[in-house]
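S.K.: I'd like to go over a predicted model; first the sequence, then the structure.
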Amino acid sequence: SLILAIESSCDETSVAIIEDGRNIRSNVVASQVKSHMRFGGVVPEVASRHHVEQITQVIDLALREANVSLADVDAVAVTEGPGLVGSLLVGITAAKTLAFAHNKPLIGVNHLAGHIYAGQFMAEMKFPLLALIASGGHTELVYMSDHLNFEVIGETQDDAVGEAYDKVGRILDLPYPAGKYMDQLAQEGEATYDIPRGMIHEENLNFSFSGMKSAVMNLVHNAKQRGDTIHKSNLAASFQEAAVEVLVKKTSDALKLYPDVQQFILAGGVAANSGLRQGLQAMLKADFPKLQLIIPDLKLCGDNAAMIGATAHQHYLRKDFASLALNARPGLMLGEE
Ligand code: ATP
Ligand code: MG
Ligand code: FE
């Protein structure tokens, strides 16, 4: 299939042309990061206005880069959720308009499924598989017995890991989104501060990151009161060590509980994290040497439309098409119909 895919769930306006779910003909990503930086986070109204301003140009650019016209496309796919309602609606409206005007089937895609399917560009999926979604809004372990079949077997009870990274980075005066800068600092520092490993000893596959964030806040607050200086890179390294240790431990626990798993996919924006990539690689090599590890290229870890097109191909094969009544589903979960 040749699919035009649109992603606009948060602050990236992206359009991709994807062939047979695995071949990227184009993947244009227009980021709004600079506009949100001065507010220290995404402002929903600003985000949807940017999407409106960008979407037409991004569609044209994606078609031009792929050297295809809308007539060549087999279907139009779009993220239906989860995400910001105003942002989602811009992509959905554009997708419906294209599908209607060019008489093409419309496909609604779950953004989190998209993060997992970004792995398809590295290697073909083999089932059953386990995926760890570590992103700005979610932290979950997902078991897949087949395409588009998702079972969430563990998830965060409070903050997502990316959210915790961004909040801790903000305390350390790093620019938004801080995850990337925290990662850079962590690589220069040593883990000399004591950060709790939330829920690490609990016998379930759930996560908690708010305690780690509070621990950093307290450390910084107490240091200020005493007039001490905080060693930023050491604090970043300490936070990173704690977060990675918990993510690796719970992944290892999940793999022991599901020994039939053939493949492990690391997904979401935090999959770009150097410590997490190394930690998972080392654990899998030592304890599950037969398991295939898939980590998307850096540019496919964050939000992009290529991953939406990869997922949409599976819906296309099943003729799982949406009507023009398709609406935004801001709270959509994995495994929900
Ligand atoms: P969701 O996918 O859950 O709806 P989202 O789309 O906002 O949320 P993503 O775009 O997948 O999230 O990921 C963005 C998050 O990844 C941000 O919190 C960002 O700080 C974090 N991130 C990006 N690079 C790194 C890194 N190298 N280390 C840690 N975190 C990172
Ligand atoms: Mg984003
Ligand atoms: Fe995302």
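M.R.: Looks like it arrived, so ask away. Ligands and ions are numbered 1, 2, ... in the order given.
S.K.: Run a quick neighbour tally on residue 102.
M.R.: 13 (other C-beta atoms under 10 Å). Every C-beta, even on glycine, is put in place using the N, C-alpha and C of the backbone.
S.K.: scratch that, residue 227
M.R.: If we define neighbours as other C-beta under 10 Å, then residue 227 has 6 of them.
S.K.: Equivalent analysis for the one 5 residues further on, please.
M.R.: Residue 232: 17 surrounding residues under other C-beta under 10 Å.
S.K.: residue contacts, the residue lying closest to it once chain neighbours are set aside?
M.R.: Using C-beta to C-beta, 6 or more residues apart in numbering and skipping the chain neighbours, the partner closest in space to residue 232 is residue 172 (5.3 Å). By C-beta atoms under 8 Å, 6 or more residues apart in numbering, the contact list for residue 172 reads 178, 182, 185, 216, 220, 230, 232, 235-236.
S.K.: cool, residue 284 as well?
M.R.: 264, 291, 293.
S.K.: hmm, try it at 6 Å
M.R.: Contact analysis of residue 284 by C-beta atoms under 6 Å, 6 or more residues apart in numbering lists 291, 293.
S.K.: same thing with the one 4 residues further on?
M.R.: When the contact criterion is C-beta under 6 Å, 6+ apart, the partners of residue 288 are residue 255.
S.K.: For ligand 3, see how far away it is.
M.R.: Using C-beta to the ion, to the nearest Å, one obtains 26 Å as the distance from residue 288 to ligand 3.
S.K.: So for residue 65, what's the pLDDT?
M.R.: Looking at residue 65, its pLDDT reads 98.
S.K.: Show me which residues of this structure sit near ligand 1.
M.R.: 10, 82-83, 111, 115, 135-138, 162, 165-166, 177-180, 183, 268-270, 272-273, 302-303 (C-beta under 6 Å from any ligand atom).
S.K.: Need the contact partners of the helix or strand where residue 293 lies.
M.R.: Element membership for residue 293 (DSSP states H and E) is strand 292-294. Applying C-beta under 6 Å, 6+ apart, the external contacts of strand 292-294 come out as 119, 122-123, 263-265, 284.
S.K.: go again using 7 Å as the cut-off
M.R.: 119, 122-123, 126, 262-265, 280-281, 284 (C-beta atoms under 7 Å, 6 or more residues apart in numbering).
S.K.: How about stretch 325-335?
M.R.: Residues contacting stretch 325-335 (C-beta under 7 Å, 6+ apart): 80-85, 88-89, 92, 96, 106, 108, 110, 112-113, 142, 150-152.
S.K.: Inside strands: which ones of those residues?
M.R.: 80-81, 106, 108, 110, 142, 150-152 (DSSP state E).
S.K.: Just the buried ones from those?
M.R.: 80-81, 106, 108, 110, 142, 150, 152 (16 or more other C-beta atoms under 10 Å).
S.K.: nearest to residue 241, of these?
M.R.: Nearest to residue 241 among those: residue 142, at 24.7 Å, using C-beta to C-beta.
S.K.: Can you confirm whether the helix or strand residue 17 falls within lies near ligand 3?
M.R.: In this assignment (DSSP H and E), residue 17 forms part of strand 12-19. No - Strand 12-19 lies out of reach of ligand 3 by C-beta under 5 Å from the ion, never closer than 8.4 Å.
S.K.: Adjacent strands (with direction) for that strand?
M.R.: strand 2-7 (antiparallel), strand 23-31 (antiparallel) (DSSP bridges).
S.K.: how far is that strand from where the chain is centred?
M.R.: With C-alpha atoms, centre = their mean, to the nearest Å as the basis, strand 12-19 stands 15 Å off its chain's centre.
S.K.: try stretch 266-274
M.R.: 7 Å.
S.K.: Now the terminal residues of it, how far apart.
M.R.: 12 Å (C-alpha to C-alpha, to the nearest Å).
S.K.: that older thread, can you tell me which of the residues of the chain next to ligand 1 are classed as buried?
M.R.: Buried among those (16+ other C-beta under 10 Å): 10, 82-83, 111, 115, 135-138, 162, 165-166, 177-180, 183, 268-270, 272-273, 302-303.
S.K.: Tell me which residues are up against the strand holding residue 17.
M.R.: 2-7, 24-31, 50-51, 54-55, 58-59, 62-63, 66, 68, 303-306, 309-310, 313.
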